[in-house]
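J.: show me how the following folds:
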Amino acid sequence: MGEGCRSPFSLIRTPESMEAHEHLVEGVFDPISDHERRPDGGESPHRDRNQQGLEKKKGAKLGGKVPNDIVEIITQFYINLYTEEVDWRPKLDGLEFSMISEEDAIWLERSFEQDEVEGVLKHFNGDKAPRPNGFPMSQQIWDSVLNSNEVLDSWLKQGTPGVMCKVDIEKAYDHVYWGFLIYLLHQSGFLMKWCNWIWFCISTIRFSVIINGYPQGFFASSRGLRQGDPLSPLLFDVLMESLSRLMVHAANGGYISGFLVGVPGGNSLMLSHLLFADDTLLFCNNDLVQLEYLRHVFTWFEVVSGLRVNLHKSEMVPVGDVPNLEELVAVLSCKLSARPMTYLGIPLGTKFNFKTIWNPVIEKMERRLAGWKCLYLSKGGKLTLIKSTLSNLPTYFLSLFCIPSEVANHLEKLQRDFLWNGMGEQPKFHLVKWATVCEPIHNGNLGVKNLRFFNQSLLGKWLWRYRMDGEALWRKVVEVKYGIIWGGWCSKEICGTHGVGLWKGIRRGWEMFHSFLSFSVDKEAIVADFLLTRTVNLHWEVAFVRNLQDWEIDALTSFLDLLYSVSLHDSGLDQLF
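T.: Next comes the predicted model:
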């Protein structure tokens with residue numbers, strides 16, 4: 001970095017001197033020596049070095065009882081993995097973190113009530129980690145995918161060159177520094193008792209290593225979080241907040257410029273990073289100095305958290321025409337990739353109406369079917385597998401993309417053939433229409449999901465969330481990019497090209513909503529327009545386009561009973577009942 005480049009973290013104050021910081025960096029992250037590098041230039045990981053140690057024991061045979069020297073090597077590897085290498089790390093006293101309210105902090109430390117404990121025990125699920133990293137498939141992951149596609153789409157349409165970096169965190173959960181985690185909890189407003197509880201949960205664990213089916217060793221750890229523990233992903237999220245705060249600090253200081261969404265000079269929003277667990281996506285201009293500042297961010301994050309950014313596995317993707325791409329890659333020493341890149345399991349940078357993005361779903365369904373076709377299954381068994389597994393495979397993609405007709409037909413054909421065909425591939429007669437198979441069970445049918453209707457339902461959730469999640473980042477991105485109408489209930493209609501954004505396909509759901517209002521007395525009316533206040537009670541004033549027939553009285557009575565079954569208030573947020 002040239003002379004005159006000031007560190008973006010000069011405002012960060014730590015009790016110790018910067019000289020100690022530099023010594024810490026040199027001591028913890030020494031350069032890799034020549035004999036530790038692989039022939040391809042990458043670093044030789046610990047597991048490779050331990051494997052070399054195992055290979056030296058040529059006389060040892062694995063199976064049955066393992067020799068003590070091999071047990072010691074394997075056990076020592078995990079002891080080193082979960083042992084903190086230093087006794088002290090700097091802090092981030094110069095940054096502001098999101099704070100919980102004092103009321104919430106006190107509420108967290110209150111005594112548990114008996115009915116709360118009983119409720120948790122009764123509904124406790126043995127599967128504590130629904131995903132490999134402990135994060136459930138919640139709306140948060142969909143938000144990150146939507147944000148990344150909309151930001152990239154906006155940047156491509158502006159024609160400004162830049163780069164995206166997908167950052168890899170090496171052994172994310174295993175290297176967490178406990179002291180920094182507790183420090184972040186204090187900085188976020190959590191009280192001492194709560195922090196002590198968290199410390200007890202993470203510091204009192206013991207490990208054994210299963211070797212040939214037998215537990216070996218019993219040792220404590222001084223760093224890291226247990227994968228599979230439902231508490232671990234939440235604590236790791238707190239830790240990654242430090243990287244987010246460092247990125248925000250650098251962006252606010254003008255050291256890093258992210259991607260701009262919206263109208264330049266007007267209603268706009270700049271995004272420099274997106275985080276979900278340890279999946280980190282960074283946006284930056286094609287400026288060498290900014291990339292060097294980005295390395296400063298990584299260094300500070302590594303020093304304070306105990307984690308390490310693995311630049312050799314990280315990827316850089318150009319956005320637009322980037323003439324100095326090779327120089328940018330050299331600054332970060334990362335891999336060069338191209339669009340579309342995979343982010344959170346979704347191809348990033350592909351137009352939402354391309355059929356090729358559904359290939360992973362089709363391949364996954366075909367692999368499942370390949371293993372089932374050799375089994376003797378009854379019609380009931382096949383139906384159970386279709387409803388419990390095959391119908392749910394596309395859910396993630398159906399929550400973000402409009403499924404093309406060809407793809408829907410192909411997926412339905414795979415399920416149809418599996419249900420009606422026998423052991424071989426010879427086609428057999430389909431005894432019932434597939435549309436009838438997909439009808440609800442209470443109508444006397446089989447209740448298999450109709451992929452088209454399921455897709456419309458999942459995308460329709462975004463339209464409701466657009467109004468309800470007013471402070472969510474994805475909502476702000478869509479608002480500054482497309483504008484709002486109807487008092488914030490909907491974005492403006494999108495008339496431009498599709499690009500790589502997702503919202504244009506989701507926005508089409510409003511047209512379906514209008515089809516239900518073809519006989520409405522007032523399509524622009526809100527709920528309050530049909531309510532009258534009499535004394536302290538609210539009463540419905542429902543008008544119809546024509547007079548009711550005698551045979552419609554029962555239906556009207558049921559309709560009014562449904563309306564009055566819900567207690568409405570003239571204040572508060574809208575919500576589903």
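
J.: for this structure, what helix or strand is lowest in average pLDDT?
T.: When the helices and strands of the chain are scored by mean pLDDT, DSSP states H and E, helix 18-28 comes last with a mean of 39.

J.: quick one: low-confidence ranges for the protein?
T.: Residue ranges of the chain with pLDDT under 70: 1-66, 120-139, 265, 422-428, 513-524, 535-536, 569-577.

J.: how does it divide into domains?
T.: Here the domain assignment for the chain is 18-81, 102-113+129-206+218-348, 352-516, 518-577, based on automatic domain parsing.

J.: between the ones you listed, which one is closest to Asn212.
T.: The closest of these to Asn212 is domain 18-81. By Cβ to Cβ, the value is 5.5 Å. Just so you know, the C-beta spots here come from the backbone N, C-alpha and C atoms, and that holds for glycine as well.

J.: am I right that Lys166 is in a strand?
T.: Yes - counting by DSSP: H, G, I helix; E, B strand; the rest coil, Lys166 is found in a strand.

J.: what's the burial count for it?
T.: By the criterion of other Cβ atoms under 10 Å, Lys166 has 21 neighbours.

J.: nearest residue to it other than its sequence neighbours?
T.: Excluding its sequence neighbours, the residue lying closest to Lys166 (Cβ to Cβ, 6 or more residues apart in numbering) is Glu315, at 4.6 Å.

J.: Leu458 now?
T.: The nearest residue in space to Leu458 (Cβ to Cβ, 6+ apart) is Ser399, at 4.5 Å.

J.: Ser268 too?
T.: Gly262 (3.4 Å).

J.: also Lys193?
T.: Glu109 is the one closest to Lys193 (Cβ to Cβ, 6+ apart), at 4.7 Å.

J.: test my guess that the one you found contacts Asn196.
T.: No - assessed by Cβ atoms under 8 Å, Glu109 is found out of contact with Asn196, at 9.9 Å.

J.: SS state for Phe207?
T.: strand.

J.: which of the helices or strands spans the most centrally placed residue in the chain?
T.: Residue closest to the mean C-alpha point of the chain, counted by Cα atoms, centre = their mean, is Ile141 at 2.6 Å. Per DSSP states H and E: Ile141 is located in helix 139-158.

J.: show me what that helix is packed against.
T.: With contacts taken as 3 or more Cβ pairs under 8 Å, 6 or more residues apart in numbering; DSSP states H and E, helix 139-158 sits against strand 259-262, strand 273-276, strand 279-285, strand 315-319, strand 341-343, strand 346-348, helix 473-482.

J.: what's in contact with the fifth one?
T.: So the one you mean is strand 341-343. The contact list for strand 341-343 (Cβ atoms under 8 Å, 6 or more residues apart in numbering) reads Ser144, Val145, Ser148, Met164, Lys166, Asp279, Leu281, Glu315, Val317, Pro347, Leu348, Gly349.

J.: could I get the residues you listed as a markdown table with distance to Leu377?
T.: A markdown table is the format used below for the contacts of strand 341-343 (distance: Cβ to Cβ, whole Å):
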| residue | distance to Leu377 |
| --- | --- |
| Ser144 | 38 |
| Val145 | 35 |
| Ser148 | 40 |
| Met164 | 45 |
| Lys166 | 41 |
| Asp279 | 37 |
| Leu281 | 42 |
| Glu315 | 42 |
| Val317 | 44 |
| Pro347 | 33 |
| Leu348 | 38 |
| Gly349 | 40 |
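
J.: which one of these sits in the busiest neighbourhood?
T.: Tallying neighbours with other Cβ under 10 Å puts Ser148 at the head of these, with 28 neighbours.

J.: just the C-alphas of stretch 404-424, formatted as CSV.
T.: C-alpha atoms of stretch 404-424 as CSV (Å, rounded to 0.1, in the frame of the first residue of the first chain):
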residue,chain,number,x,y,z
PRO,A,404,-41.1,-22.7,-15.6
SER,A,405,-43.9,-24.9,-17.0
GLU,A,406,-41.4,-27.3,-18.5
VAL,A,407,-39.6,-27.8,-15.2
ALA,A,408,-42.9,-28.3,-13.3
ASN,A,409,-44.0,-30.8,-15.9
HIS,A,410,-40.7,-32.7,-15.7
LEU,A,411,-40.7,-32.9,-11.9
GLU,A,412,-44.4,-34.0,-11.9
LYS,A,413,-43.6,-36.7,-14.5
LEU,A,414,-40.8,-38.1,-12.3
GLN,A,415,-43.2,-38.3,-9.4
ARG,A,416,-46.0,-39.7,-11.6
ASP,A,417,-43.9,-42.4,-13.1
PHE,A,418,-42.5,-43.4,-9.7
LEU,A,419,-46.0,-43.8,-8.3
TRP,A,420,-47.6,-45.9,-11.1
ASN,A,421,-44.6,-47.8,-12.6
GLY,A,422,-43.4,-51.1,-11.3
MET,A,423,-39.9,-52.4,-10.7
GLY,A,424,-38.8,-51.8,-14.3
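
J.: in it, what's buried?
T.: Val407, Ala408, His410, Leu411, Glu412, Leu414, Gln415, Arg416, Phe418, Leu419, Trp420 (16 or more other Cβ atoms under 10 Å).

J.: quick check: phi and psi on the nearest residue to Tyr82 once chain neighbours are set aside?
T.: Nearest residue to Tyr82, sequence neighbours excluded (Cβ to Cβ, 6+ apart): Ser221, at 3.5 Å. The phi and psi values for Ser221, taken as degrees, to the nearest 10, are phi -130, psi 160.

J.: quick one: the helices in the stretch 151-300 of the chain?
T.: With DSSP state H, counting those that start in this stretch as the criterion, the stretch 151-300 of the chain has helices at 178-187, 192-203, 232-252, 288-305.

J.: ok, and what's touching the second one?
T.: Put plainly, it is helix 192-203. Ala105, Leu108, Glu109, Trp178, Leu181, Ile182, Leu185, His186, Ser222, Leu225, Leu231, Leu235.

J.: can you tell me which of those is closest to Leu473?
T.: Leu235 (21.8 Å).

J.: what sits against the closest one?
T.: Leu235 makes contact with Val176, Leu181, Ile198, Ile202, Leu225 under the criterion Cβ under 8 Å, 6+ apart.

J.: which of those lies closest to Leu560?
T.: Scanning these for proximity to Leu560, where the rule is Cβ to Cβ, the winner is Ile198, at 52.0 Å.

J.: that closest one: how many residues sit nearby?
T.: Neighbour tally, Ile198, other Cβ under 10 Å: 18.

J.: over to Leu81?
T.: 16.

J.: quick check: the closest residue to it other than its chain neighbours vs Asp168, distance?
T.: Leaving aside its chain neighbours, Leu81 sits nearest to Asp174 (5.6 Å; criterion: Cβ to Cβ, 6+ apart). Distance of Asp174 to Asp168, computed by Cβ to Cβ, to the nearest Å: 14 Å.

J.: then His312?
T.: For His312, the distance to Asp168 - Cβ to Cβ - is 8 Å.

J.: ditto for Asn445
T.: Counting by Cβ to Cβ, the gap from Asn445 to Asp168 is 48 Å.

J.: more crowded one of those two?
T.: Neighbours were counted for Asn445 and for Asp168 using other Cβ under 10 Å; Asp168 has more, 18 against 14.

J.: so how far is Leu184 from Glu96?
T.: As judged by Cβ to Cβ, Glu96 and Leu184 stand 12 Å apart.

J.: my error: substitute Arg110 in the last question.
T.: 22 Å.

J.: so for those two, which sits in the more crowded spot?
T.: Looking at Arg110 and Leu184 with other Cβ under 10 Å, you find the greater number of neighbours at Leu184, namely 23 against 7.

J.: residues in contact with the more buried one?
T.: By Cβ under 8 Å, 6+ apart, the contact list for Leu184 reads Phe97, Val238, Leu239, Glu241, Ser242.

J.: now do the end-to-end distance for stretch 367-378.
T.: Its first and final residues considered, stretch 367-378 spans 20 Å by Cα to Cα, to the nearest Å.

J.: in that stretch, which residues are buried?
T.: For stretch 367-378, by 16+ other Cβ under 10 Å, it's Arg368, Leu377.

J.: so what touches that stretch?
T.: Stretch 367-378 has contacts (Cβ under 8 Å, 6+ apart) with Lys382, Leu385, Thr389, Leu390, Leu393, Leu414, Phe418, Met423.
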